[in-house]
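Chemist: Fold the following.
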Amino acid sequence: MTAGAVYIAYGEASREEARRAILQLGKYSSLPIIVIGESVSGAHHIMPFDDRDSKGRWAKLNLYKLSPFSMTLYMDADTLVKQDIDRIFCPVHEGFDMAIAPSTSQGSKWLWHLSDEERSETVSGVALQGGVFVFGRSPRLEAFFEEWKRQWLQWQGPDQGAMLRALWKVPLKLWLLGSPWNGGAIIGHNFSNKGKHLWKDYRKRLDEGTHRHLRVEKFLDSGPVGSPSDTVQ
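Modeler: Below you'll find the predicted structure:
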């Protein structure tokens, strides 16, 4: 199976972040790298794509069609790899559809960035952080990405709520990554200061077993969600 990394970059600031991310990734991995959007130095291939959303969300929702890899690692342009990441592909090798980290914003902060209308239309479940994830290829994944697009087109804002609604329509077998993989010691993420505090609070609640929405034993560093119902319920 061919594995590769994909970034999305539109605009000067995003291109500069992607350039730094690619340079950093090259220190720890020999993965082929594709940038969807505009030209970024260091990428092995640039894939122009007419994105209908200024933040690259439409390109992200088309990852299944655009990526040439049998296993794709997507990372936001403002992430920085800090150590070897090859094992992030292990869940896909073992039969999981996708590996992704849960969001720090659960409970009262669940999908706080969505409109009230969209939030009310989204069935409550574990919010996922879409800035880093890896996926394979299968008819189910293809159907999921198509449903993700359909759900996003209703409001055309942030994509996390659309992802949860798509998971209800097309359940996936997910492996939930721990916080080191998105904003931590393995893959850093340029969260705001508020986001960094949320991660700290999230880890504290996991250690104390007081998280209101997650089954704590499954998220200490990384771990599987055995069935889709464990993820979106």
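
Chemist: Show me what residue 99 bridges to in the sheet.
Modeler: Applying DSSP bridges to residue 99 yields these beta-bridge partners: residue 134, residue 175.

Chemist: Next: residue 4.
Modeler: Assessed by DSSP bridges, residue 4 has beta-bridge partners residue 72.

Chemist: for the helix or strand containing residue 166, packing partners?
Modeler: Here residue 166, judged by DSSP states H and E, is contained in helix 160-169. Contacts defined by 3 or more Cβ pairs under 8 Å, 6 or more residues apart in numbering; DSSP states H and E place helix 160-169 against strand 128-135, helix 139-152. Where you see a C-beta, it was placed from the backbone N, CA and C, and this is true even at glycine.

Chemist: Format the ones you listed as JSON lines; extra columns: distance to residue 162, mean pLDDT and mean neighbour count.
Modeler: Formatted as JSON lines, those follow (distance: least, Cβ to Cβ, whole Å; pLDDT from 0 to 100; neighbours: other Cβ atoms under 10 Å):
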{"stretch": "strand 128-135", "distance to residue 162": "10", "mean pLDDT": "92", "mean neighbour count": "23"}
{"stretch": "helix 139-152", "distance to residue 162": "4", "mean pLDDT": "96", "mean neighbour count": "18"}
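
Chemist: and residue 158, which of the three is it?
Modeler: With DSSP: H, G, I helix; E, B strand; the rest coil as the basis, residue 158 sits in coil.

Chemist: thought it was touching residue 122?
Modeler: No - judged on Cβ atoms under 8 Å, residue 158 makes no contact with residue 122 at a distance of 11.1 Å.

Chemist: more crowded one of the two?
Modeler: Legend: neighbour count by other Cβ atoms under 10 Å for residue 158 and residue 122, higher for residue 122 (20 against 17).

Chemist: Contacts only, for the closest residue in space to the more buried one that isn't next to it in sequence.
Modeler: Spatially, and ignoring its direct neighbours in sequence, residue 122 is nearest to residue 161 (4.5 Å; Cβ to Cβ, 6 or more residues apart in numbering). Residue 161 is in contact with 111, 114, 118, 119, 121, 122, 151, 155, counting by Cβ atoms under 8 Å, 6 or more residues apart in numbering.

Chemist: Neighbours of the nearest residue to residue 128 once chain neighbours are set aside, how many?
Modeler: When the adjacent residues along the chain are set aside, residue 128 lies closest to residue 100, with 5.3 Å between them (Cβ to Cβ, 6+ apart). Residue 100 has 27 neighbouring residues, counting by other Cβ under 10 Å.
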